[in-house]
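[1] Below are the sequence and a predicted model for it; my questions follow.
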Number of protein chains: 2
Amino acid sequence: MSGIYDNEDFFKAYADMERSKKGLEAAGEWHQLKPLFPDLKNKTVLDLGCGYGWHCKYAADNGAASVLGIDLSEKMIAEALKRNSHPSIQYSLCGINEYDYPAEKFDLVVSNLALHYIKDIDEVYRKVFTTLKHRGIFLFNIEHPVFTAGINQSWIYDEKGNALYCPIDNYYYPGERKTMFLDQTVVKQHHTLTQILMGLISTGFKIEAVEEAMPPKEMMNIPGMKDEMRRPMMLLVKASKQ
Amino acid sequence: MSGIYDNEDFFKAYADMERSKKGLEAAGEWHQLKPLFPDLKNKTVLDLGCGYGWHCKYAADNGAASVLGIDLSEKMIAEALKRNSHPSIQYSLCGINEYDYPAEKFDLVVSNLALHYIKDIDEVYRKVFTTLKHRGIFLFNIEHPVFTAGINQSWIYDEKGNALYCPIDNYYYPGERKTMFLDQTVVKQHHTLTQILMGLISTGFKIEAVEEAMPPKEMMNIPGMKDEMRRPMMLLVKASKQ
């Protein structure tokens, strides 16, 4: 991941997003991600790219024995400590690639909208597999391959500014994609669906769920949200260590 | 499926495709589909929407004890009998929805490019699950959700006729899509990735493989084939009955 989350302007714009101000309930994918969580009572949880710590807090509030949230952005970790502290949560300034993943330590590894910043997801899969206990769960939300293969992750508009369609290109050429997000150039990594799912299966995971995040009915009045029924933006994946 | 495959003009154009003239080796997805086949020795095989019977013949040639190919097109069944007869193969004029799926009869159910004509794939999943033996395999190739959500399954071109990008729209509204294929209007069914994969998981299948068909290097000199690196057209799925 680029250091974009420590960029002052980006961080301010990020802080202004509904999901930053209001947390999980304001995230369009939460109504689908939440039911995919396993029972959290007395469980050990690792959150890769924890951001503000909303998912860590959710795990702690639901009985997790210990939660470790890692993020490579100082600003994010500071914000997590401020907003979502809890006696069972430890926040650590550490990148997903840099963490040491102790063997068979966690019951659940969760990662929300962070893996599309990672070039080699197979390496992450192997490390997560190692650090999970037997039957442990890996639950993540990654930008959808359709979205990362999109041209500037934007629409093609007509002269009146109406979204005509969602353009995709170069699908089978994974790797770096530069897009504008919150007025900043952000570098993301496009992975094909094959890479995302077969990487898990090859590592030894069993696919438990694959769900594309569809905006909920009650958010349809938010500007632009109706158009999000026209393209998939996020892919939720639940896998278990066998 | 509409009766398009019994339309005279369509059938002639279909017969003229490389994959119709030369069989499996001329099909861009075969290099990926072939390795997904389980061992066929002494196995019982059902092919849903068998077309010319290439996959039936492959199964029989590789030792399958008995193969049943069903298709609702008379012309296709006639062609299968002409081109791909074999003592172990029986061809039957029967639609995928109409077949009676006897319980625990088959080791393998295969379906190549037929399920995107089916509105209710969950019903097919349930029937296939029933007709498979324990640990039996369901292997299919379906048009990719990106492709079925495409506008006319075509490109947006510039004024010189170059493909600019692949437009997709209305992704989260599954159902009927009318497209042009071989100069005829063909009605297909768009299913989201969630429907395709979660339908299997909910039915009791274990996902063994999910692969998007990427054109092989040796076909890159075929006109238009290079552009097929820019969008995914087919999704290969292997699932096992648990």
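    Noted; the coordinates are in hand. Numbers count the residues shown, from 1 in each chain, chains lettered A, B, ... in the order given.
[2] Helices of chain A, residue ranges please.
    Under the criterion DSSP state H, chain A carries helices at the ranges A:8-15, A:18-22, A:30-33, A:54-61, A:74-83, A:121-131, A:145-148, A:193-203.
[3] Quick check: which of these is nearest to B:Thr185?
    B:Thr185 lies closest to helix A:145-148 among those, at 25.8 Å (CB to CB). From N, CA and C alone the C-beta is placed, and that goes for glycine too.
[4] Now do A:Val146 against chain B, distance only.
    6 Å (CB to the nearest CB, to the nearest Å).
[5] picking that back up, closest one to B:Arg231 among the helices of chain A?
    Of all the helices of chain A, the one in closest proximity to B:Arg231, counting by CB to CB, is helix A:145-148 (9.9 Å).
[6] what about the closest residue to A:Lys226 other than its chain neighbours, neighbour count?
    Counting by CB to CB, 6 or more residues apart in numbering or on different chains, the nearest residue to A:Lys226 once its immediate chain neighbours are dropped is A:Met220, at 5.7 Å. The burial count assigned to A:Met220 is 11, neighbours taken as other CB atoms under 10 Å in any protein chain shown.
[7] Stretch A:136-152: end-to-end distance?
    36 Å (CA to CA, to the nearest Å).
[8] What separation do you get for the residue nearest to A:Lys226 and B:Thr194?
    Going from A:Met220 to B:Thr194 by CB to CB, to the nearest Å gives 19 Å.
[9] Could you pull out the strands in chain A for me?
    Counting by DSSP state E, residue ranges of the strands within chain A are A:44-48, A:66-71, A:89-93, A:106-112, A:132-143, A:156-157, A:163-168, A:175-181, A:184-190, A:205-212, A:234-241.
[10] And the fifth one, what does it pack against?
    The reference is to strand A:132-143. Counting by 3 or more CB pairs under 8 Å, 6 or more residues apart in numbering or on different chains; DSSP states H and E, the packing neighbours recorded for strand A:132-143 are strand A:106-112, helix A:121-131, strand A:234-241.
[11] how distant is the first one from the center of its chain?
    Relative to the mean C-alpha coordinate of its chain, strand A:106-112 is positioned 11 Å out (CA atoms, centre = their mean, to the nearest Å).
[12] That strand - which strands sit beside it in the sheet, and in what orientation?
    According to DSSP bridges, strand A:106-112 has the following sheet partners: strand A:44-48 (parallel), strand A:132-143 (parallel).
[13] for it, which positions count as buried?
    Using 16 or more other CB atoms under 10 Å in any protein chain shown as the test for burial, strand A:106-112 gives A:Phe106, A:Asp107, A:Leu108, A:Val109, A:Val110, A:Ser111, A:Asn112.
[14] which two in those residues are spaced the farthest apart?
    Maximum pairwise distance among the buried residues of strand A:106-112 (CB to CB): 17.4 Å, between A:Asp107 and A:Asn112.
[15] now stretch A:205-220: mean pLDDT?
    In this model, stretch A:205-220 has a mean pLDDT of 96.
[16] next one: stretch A:134-154
    Computed over stretch A:134-154, the average pLDDT equals 96.
[17] Name the residues of that stretch that are buried.
    Going by 16+ other CB under 10 Å, stretch A:134-154 has these buried residues: A:136-151, A:153.
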